[in-house]
Structures are given as structure tokens and as C-alpha cells.
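*Asks:* output the structure for:
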Amino acid sequence: MENSVLLNSIFQLLVAAVIFVLLVYIVKFTLDKIKSSSFIKNSRFSNPLEYFPSEALFYLEQIFYVAMILIVVLIILYQIFNWTEGLGFIIALDIIVSIYICIIRSWDSLSDKVLLFLLIPFSSITEIVFGNAYSLFNLFHILGYLYFIQFYYREFLKHTQSKGLGLSLIVTFSILLISFLFTILAEGVSPMDSMTMVTNAFTSNSFDASGKIMAGKINSLVLAWGGFILSIIGTATLSVSIIMKYVSSEFEDIKDTVKKNKGKK
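*Replies:* Alright, predicted model coming up:
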């Protein structure tokens, strides 16, 4: 009996590994095809500079690094505390994030291969396919995620320093994370309700949970944070535009003054 249970567990884990490898291959193959398409290469719609100035893209990259850290932390918290509400969404997010990291990284060294193994979301895939989650493998998965938390933090600092940006963004998101956990404990609400409540409090004047069903809550989060990020980018772009206009005006005044002084001589 014990042998059959063990063999069944091994079989399920092997199936999960094969499914993950296939998903990575399919996504990578599809993305490579899209990138190599002449339509995509020559299309204005695929050029981010058509939507934002280069300065705004610096801020977007900074936001991306912090967002990746927060997403990974959220997945880890779900796996540690076994929260059930929104679990399907978190499972899908876990698989998507793992696939993304596998695609963008190179896996040449032995340590890289160990990290690759730790990234495989065994528990999430077996939960979907077999309805059986292996909590033990969540521990290994969390170890892999902890590495990438510090990896994205280092990338955030490197990008921030190279582009001369401030560190206020990571302070802001740290406050949000603490507020998210505090709201769960203080208000006695579910993690997804806490996320919507903190989001509403931060981006508007409301402290109510948005959405009655999971799809509605996720939609409210996307709308709120999408609008918030666009407002940040718009403000940063406007600030840069005003400064550049002022500097250009001052530069023209200096040029006129130099010309006048030369004419007097």
C-alpha cells in the first residue's frame, strides 16, 4: 500500500515536471515566433517609445522590478499560510511567473540548474491536474523564489542608480505590503479582500473591498493599479517636459547674451 502511494506521488511529480517543461517550450517558441515576425518588428504598435517617452520607460522598468518582488512575496505568503480564497488565481500566477523567469534566464551552470529545479511549481501543477498539492515541494519552491526576490532587488538598485532615480518607490510598496498583512489581522478579512481594501485606500478615498466574486476583485485591482501607474508615468513625463523646457529657455537666453557680448566687442 505504501509503495503504491509512493509510486503514485512520484508519477504525479514527474507528470508535473513534464507539463512545466512543455509549457516553457511552448511559450518560448511562441514568443520567439512573435519577435521574429516582420509585422511585429516594423509595427509602430510594438515600439514602447510610441506610447511613452524614454524617461517614462525608466520609471516603468523600476516599477516592474518592485512589482515582481511583490508578486513573488504574495505567492510565498499563500504557500506558507495555505490561504484558500483566490487560490486558483495564485496557482495560475505561480505557474506564469515560474515560466517567465525560466524563459528570461540562462541555465548553464550547476547552480543555475538547481535554481531551475526549485522554480518548478510542482504543487501548483499537481493541484490543477490531480487535485493534490505537495506542500513539501512548496518549501523548495519558496527557496527558489527567495533567491529571485534578492535578484530583482539588486536589479532594482542597479537600475535606480544607473538612471539617477529615487528609492521612494520601494518604500511605498513596502508600506503597502505591511498594510496588506495588517488589514488581514486587524479587519479579519481574506487576503483578496485585504488587497482590494488597501488598493482602494491607497488610490482613492475608500476602504471597502471591491468586487463580489474573484473575477471582479482581480478586475478592480488591475484597473486601480493600472490607473495609478499611468498617473505616475504621466506626472514624471510632465515634470521632465517642464524641466527640459525651462533648461532650453535658459540655454537660449545664455546663447543670446553671449552673442550680444561678442557684438559689443
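*Asks:* how close does Gly86 sit to Val129?
*Replies:* Remark: distance between Gly86 and Val129 (C-beta to C-beta, to the nearest Å) = 20 Å. Where C-beta positions appear, they are placed from N, C-alpha and C, glycine not excepted.
*Asks:* who has more neighbours out of those two?
*Replies:* A direct count of neighbours by other C-beta atoms under 10 Å for Gly86 and Val129 places Gly86 higher, at 19 against 12.
*Asks:* and the more buried one, what does it touch?
*Replies:* By C-beta atoms under 8 Å, 6 or more residues apart in numbering, Gly86 lies in contact with Tyr78, Ser190, Pro191, Met192, Met214, Lys217.
*Asks:* what about Leu146, which helix or strand?
*Replies:* Following DSSP states H and E, the helix or strand that holds Leu146 is helix 135-163.
*Asks:* could you give me the buried positions within that helix?
*Replies:* 137-138, 140-142, 144-145, 148, 151-152, 155-156, 160 (16 or more other C-beta atoms under 10 Å).
*Asks:* what are the buried residues along the host helix or strand of Leu185?
*Replies:* Using DSSP H and E, Leu185 falls within helix 168-187. By neighbour count on 16+ other C-beta under 10 Å, the buried set for helix 168-187 is Leu169, Ile170, Phe173, Leu176, Leu177, Ser179, Phe180, Thr183, Ile184.
*Asks:* hey, where'd the helices end up in this protein?
*Replies:* Using DSSP state H, the helices found in the chain span residues 2-36, 38-42, 54-81, 87-104, 110-119, 122-129, 135-163, 168-187, 191-203, 214-264.
*Asks:* please name whichever of those helices is nearest to Pro48.
*Replies:* If you check each of the helices of the chain against Pro48 by C-beta to C-beta, helix 54-81 wins as the nearest, at 5.9 Å.
*Asks:* and the angle for that closest one with helix 168-187?
*Replies:* 30 degrees (axes from the mean of the first three to the mean of the last three C-alpha atoms, to 10 degrees).
*Asks:* now helix 54-81: average pLDDT?
*Replies:* Helix 54-81 shows a mean pLDDT of 86.
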